[in-house]
Every structure is written in C-alpha cells, then in structure tokens.
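Undergrad: Here's my sequence, what's the structure:
(one chain, ligands or ions: 2)
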Amino acid sequence: MENTNADVKATGFYQSKRWKLTAQRIRQRDDYICQKCKCLVKHKQHAVHHIVELTIHNYKNEDIAFNENNLILLCNSCHRQVHSNSIDPTEIRKKREKRYFKK
Ligand SMILES: [Zn+2]
Ligand SMILES: [Zn+2]
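TA: Numbering: from 1, shown residues only. Ligands and ions are numbered 1, 2, ... in the order given. Take a look at the predicted model:
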C-alpha cells in the first residue's frame with residue numbers, strides 16, 4: 001500500500017500544477033475542515049485524500065485523480081487512520097501480534 005503511493009509520488013503527480021490547484025479547490029470546498037473529525041485543518045498539516053486510492057495504475061485516470069467526488073479533505077491523523085484501515089487484514093494482524101508480544 002505504502003509502496004504504491006510512493007510510486008505515485010515518484011511520478012511527480014503531487015508536484016503537478018494541476019494537482020495543486022485541484023487540492024486547493026478541495027480545501028476551499030471543504031472549508032478547511034477535516035471531513036472525518038471536523039477539526040479545522042487550515043493551520044495544521046492536512047491532506048486531500050483520494051477515496052478510491054490513487055496508485056501507479058490509475059493516477060492518469062481523470063475520473064479518479066481529479067474527480068472532486070473522489071477527493072476529500074482530512075487532517076493528518078484521520079488520513080493515517082483511513083489508510084491504515086484500508087491495509088490488508090494480514091498486515092493488521094501482523095501489527096496486532098507485534099503489539100501483543102511487545103512486553
Ligand atoms: Zn480529522
Ligand atoms: Zn489518502
């Protein structure tokens with residue numbers, strides 16, 4: 001999961017002017033408020049999240065990359081949560097085991 005996202009980063013997608021403008025529009029549309037926990041994210045770190053996750057395979061697909069219905073503003077902690085919830089269950093299990101055996 002993290003790797004596919006790193007691959008998208010490597011394409012320069014997030015550096016593109018078009019993405020920056022789109023992300024800015026989403027921030028304004030969502031009033032700089034995290035759509036999950038409703039905290040104000042204007043002065044915090046925040047992320048415009050792709051609901052259908054952006055991967056190296058679909059980042060050129062307009063309907064995913066730039067579709068405003070596929071974009072949502074989240075604060076950083078909610079963003080992390082959303083992504084960790086979407087990781088594959090075997091990964092979650094591994095993490096739980098790690099925590100369990102920590103002591
Ligand atoms: Zn939040
Ligand atoms: Zn995201």
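Undergrad: So what does Asn61 look like in phi/psi?
TA: Dihedral angles of Asn61 (phi, psi; degrees, to the nearest 10) stand at phi -80, psi 110.
Undergrad: low pLDDT regions in the chain?
TA: Applying pLDDT under 70 to the chain picks out residues 1-3, 43-45, 86-103.
Undergrad: try it again with 90
TA: 1-7, 41-46, 77, 83-103 (pLDDT under 90).
Undergrad: Spatially central residue for it, please.
TA: His49 (3.5 Å; C-alpha atoms, centre = their mean).
Undergrad: Do me a favour and get the backbone dihedrals for it.
TA: Torsion angles, degrees, to the nearest 10, at His49: phi -100, psi 140.
Undergrad: contacting residues for it?
TA: Residues near His49 by C-beta atoms under 8 Å, 6 or more residues apart in numbering: 71-74, 79, 82. Just so you know, the C-beta spots here come from the backbone N, C-alpha and C atoms, and that holds for glycine as well.
Undergrad: Go through the residues you listed and name the one nearest ligand 1.
TA: Leu74 (5.6 Å; C-beta to the ion).
Undergrad: Tell me the helices and strands packed up against whichever helix or strand that closest one is part of.
TA: Taking DSSP states H and E as the criterion, Leu74 maps to strand 71-75. When contacts are defined as 3 or more C-beta pairs under 8 Å, 6 or more residues apart in numbering; DSSP states H and E, strand 71-75 packs onto helix 17-29, strand 46-50.
Undergrad: Check whether it comes near ligand 1.
TA: Yes: Strand 71-75 lies within reach of ligand 1 by C-beta under 5 Å from the ion, at Cys75.
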